[in-house]
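Engineer: mind folding the following:
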Amino acid sequence: MSSPFTNDAIFNKVTNHLRDKYEKDIFFNQEIEKLTTFYGRKLLALTNNENVHEIIESSISNVINSQLFQGYYVMTNILEDEELDFKDSVWTLSKGLARNHIRLMIDELFKDTEYNWIDNETANAFALVMLNELEKGFEIVEGIKYEVALYGAYKAFIEDSRYKGTTTENATDFKLGDPFDLNYINHQIYMTATNYAEQNEMWDLFLTGRQNQDNIWCGNAHLSTFLNEEDKNFYILSINLSNVIRVEEKMKLAETISKRLPSEITDVLQIRLYHTTEIEFLGLSTKED
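Structural biologist: Just a heads-up that it's a prediction; the model follows:
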């Protein structure tokens, strides 16, 4: 099915807006660079073939840019559709919650249509190349298409003049993030607070994206504070990550989580990375003598 979005004015508006950001916004370009590196590494890790590496390295930037535009364009059309009503509460969601809301909203909006809103000629052509060159290459590119388009849609939403966001209170005691928000660690995993005590905080990690529509648990992080022999604080960050995450990605994820901490903690921080197959939550129904 062809695109239902045929408004040339909106197309030109988005084109000019993103071109301006590419030319003038250093932080935006850093975001694009991080996206390109993150997804490029996923594909490069699948093969040692130098020719395939060259194909990936020469193409991935165009794929990321095309999908970001696709998501931004689709979301701009949605935002300017007078028949779609957004509740006032949506405009004051914190950024992590807004990002997840956008995913759910767009999935719901297009679930009963034949229109594949993530399709883009540049990315589709690359997906076919990867289908022929790499085992699981097509599957990963389809995930990239979806996730980067979603990120573009999210950017369009938070840059809308109606979006105000929110500032949370009473979060200063938490060292790893905002306990009232979804804290995205990378473009596929977010972290949310579960338990807190004076010397401990616990967070669960969830996979999201094309293959994980229901936000699948993939690990946790537990920061503990102790006193050493000189009565000075030292810290242990225990990170459990599911084996659905590749080993090299686990190392990067552990590093990213630890870098959320201030230097006065990381200077005296011990990181323990555990590799988890599965988790079970057990309770004791009776107490044995």
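Engineer: elements contacting the strand or helix carrying R41?
Structural biologist: According to DSSP states H and E, R41 maps onto helix 26-44. Judged by 3 or more Cβ pairs under 8 Å, 6 or more residues apart in numbering; DSSP states H and E, helix 26-44 is in contact with helix 8-24, helix 50-79, helix 137-158. C-beta here means a position set from N, CA and C on the backbone, and glycine is covered the same way.
Engineer: buried stuff in the longest one?
Structural biologist: Of all the residues in helix 50-79, those buried under the rule 16 or more other Cβ atoms under 10 Å are 52, 55-56, 59-60, 63-79.
Engineer: CA atoms only: put the next helix or strand after that helix into PDB for me.
Structural biologist: Sequence-wise, the next helix or strand downstream of helix 50-79 (DSSP H and E) is helix 95-110. What follows is helix 95-110 as a C-alpha-only set of coordinates in PDB (Å, rounded to 0.1, in the frame of the first residue of the first chain):
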ATOM      1  CA  LYS A  95      10.900  12.100  27.900                       C
ATOM      2  CA  GLY A  96      11.400   8.400  28.600                       C
ATOM      3  CA  LEU A  97       7.700   7.800  29.100                       C
ATOM      4  CA  ALA A  98       6.900   9.900  26.000                       C
ATOM      5  CA  ARG A  99       9.300   7.800  24.000                       C
ATOM      6  CA  ASN A 100       7.600   4.600  25.000                       C
ATOM      7  CA  HIS A 101       4.100   6.200  24.500                       C
ATOM      8  CA  ILE A 102       5.000   7.100  20.900                       C
ATOM      9  CA  ARG A 103       6.000   3.500  20.200                       C
ATOM     10  CA  LEU A 104       2.700   2.200  21.500                       C
ATOM     11  CA  MET A 105       0.600   4.900  19.800                       C
ATOM     12  CA  ILE A 106       2.100   4.400  16.300                       C
ATOM     13  CA  ASP A 107       1.900   0.600  16.600                       C
ATOM     14  CA  GLU A 108      -1.800   1.000  17.500                       C
ATOM     15  CA  LEU A 109      -2.400   3.500  14.800                       C
ATOM     16  CA  PHE A 110      -1.100   1.400  11.900                       C
END
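Engineer: quick one, helix 95-110 and helix 50-79 angle?
Structural biologist: Orientation check (axes from the mean of the first three to the mean of the last three Cα atoms, to 10 degrees): helix 95-110 against helix 50-79 gives 80 degrees.
Engineer: same for the following helix or strand past helix 95-110, what does it pack against?
Structural biologist: Using DSSP H and E, the helix or strand that directly follows helix 95-110 along the chain is helix 121-133. Contact analysis of helix 121-133 by 3+ Cβ pairs under 8 Å, 6+ apart lists helix 50-79, helix 137-158 as its packing neighbours.
Engineer: just give me the residue closest to the centre of this structure.
Structural biologist: H187 (2.3 Å; Cα atoms, centre = their mean).
Engineer: in three-state terms, label it for me.
Structural biologist: coil (DSSP: H, G, I helix; E, B strand; the rest coil).
Engineer: give me the pLDDT for it.
Structural biologist: Note on H187: pLDDT of 90.
Engineer: now swap in the one 3 residues further on and tell me
Structural biologist: Confidence at Y190, expressed as pLDDT, is 95.
Engineer: and the nearest residue in space to A149 that is not next to it in sequence, what pLDDT?
Structural biologist: Nearest non-adjacent residue to A149, counting by Cβ to Cβ, 6 or more residues apart in numbering: G71, 3.5 Å away. At G71, the predicted lDDT confidence score is 96.
Engineer: and G71, how far from R103?
Structural biologist: Distance of G71 to R103, given as Cβ to Cβ, to the nearest Å: 11 Å.
Engineer: which neighbours do the two share?
Structural biologist: Shared contacts of G71 and R103 (Cβ atoms under 8 Å, 6 or more residues apart in numbering): L150.
Engineer: list the residues that contact E121.
Structural biologist: S66.
Engineer: so the residue nearest to A149 touches F157, yeah?
Structural biologist: No. G71 is beyond contact range of F157, at 9.9 Å (criterion: Cβ atoms under 8 Å).
Engineer: might you list the low-confidence residue ranges for the stretch 151-289 of the chain?
Structural biologist: Regions of the stretch 151-289 of the chain meeting the criterion pLDDT under 70 cover residues 167-172, 210-214, 286-289.
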